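Engineer: Okay, sequence plus prediction incoming.
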Amino acid sequence: MSWRSERFNDAMPSLDRMLKDVDATKAPILFDNGTGATRIVAACDRSPEDEEKNEREYLSTYNRRIAAARMRLVRRGLGYTVPTLMCIIRNGRRYGDSVREIATCRQIGYGAAKKLYFEHRKKIEESYFGQ
């Protein structure tokens, strides 16, 4: 151990020395009156109805935000990009899946669908993030 570490250890009292005259079970700094245990038990003993309720709330918020994003594009005159936005939401970073989906829906080639996807994506990004 280095000289600095020894000096630091000598300057810092140990927890045992600090709590020598204190009852550790009743010290407010070490005891939260069972609040933590109650939270753990509540998290473990949740009923399925609570989980379904939370899932419904999450989905309703998620669906409202998607609807708001769609309406924003429509209001800005970019309603034709909404199907591309929905592909992006569904497929995430897997743009190849989105391109294939666009190609199938519009009955166009993969290259044309890829070009259309990136053009629409650029317009969507400009609509939301500016230039």
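Structural biologist: That came through, no problem. Numbers count the residues shown, from 1 in each chain.

Engineer: Which stretches in the protein count as helices?
Structural biologist: With DSSP state H, the ranges of helices along the chain come out as 3-11, 15-18, 35-44, 48-75, 82-91, 95-106, 110-129.

Engineer: can you list these in CSV and add mean neighbour count and mean pLDDT?
Structural biologist: To be clear about C-beta, it is placed using only N, CA and C from the backbone, and glycine gets the same treatment. CSV is the format used below for those (neighbours: other C-beta atoms under 10 Å; pLDDT from 0 to 100):
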stretch, mean neighbour count, mean pLDDT
helix 3-11, 9, 79
helix 15-18, 10, 73
helix 35-44, 10, 76
helix 48-75, 11, 81
helix 82-91, 17, 93
helix 95-106, 16, 94
helix 110-129, 15, 93
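
Engineer: Skip the chain neighbours and tell me the closest residue to residue 84.
Structural biologist: Closest residue to residue 84 apart from its sequence neighbours, by C-beta to C-beta, 6 or more residues apart in numbering: residue 120 at 3.8 Å.

Engineer: okay but that neighbour is in contact with residue 79, surely?
Structural biologist: No - the criterion here is C-beta atoms under 8 Å, and residue 120 misses it with residue 79 at 11.2 Å.

Engineer: how close does residue 6 get to residue 12?
Structural biologist: 11 Å (C-beta to C-beta, to the nearest Å).

Engineer: likewise residue 104?
Structural biologist: Noted for residue 104: a distance of 68 Å to residue 12, by C-beta to C-beta.

Engineer: again with residue 74
Structural biologist: Distance, residue 74 to residue 12, by C-beta to C-beta: 64 Å.

Engineer: what's the answer for residue 128, then?
Structural biologist: 53 Å.

Engineer: repeat for residue 73
Structural biologist: Taken as C-beta to C-beta, the span from residue 73 to residue 12 is 60 Å.

Engineer: Give me the local confidence score for residue 19.
Structural biologist: Confidence at residue 19, expressed as pLDDT, is 71.
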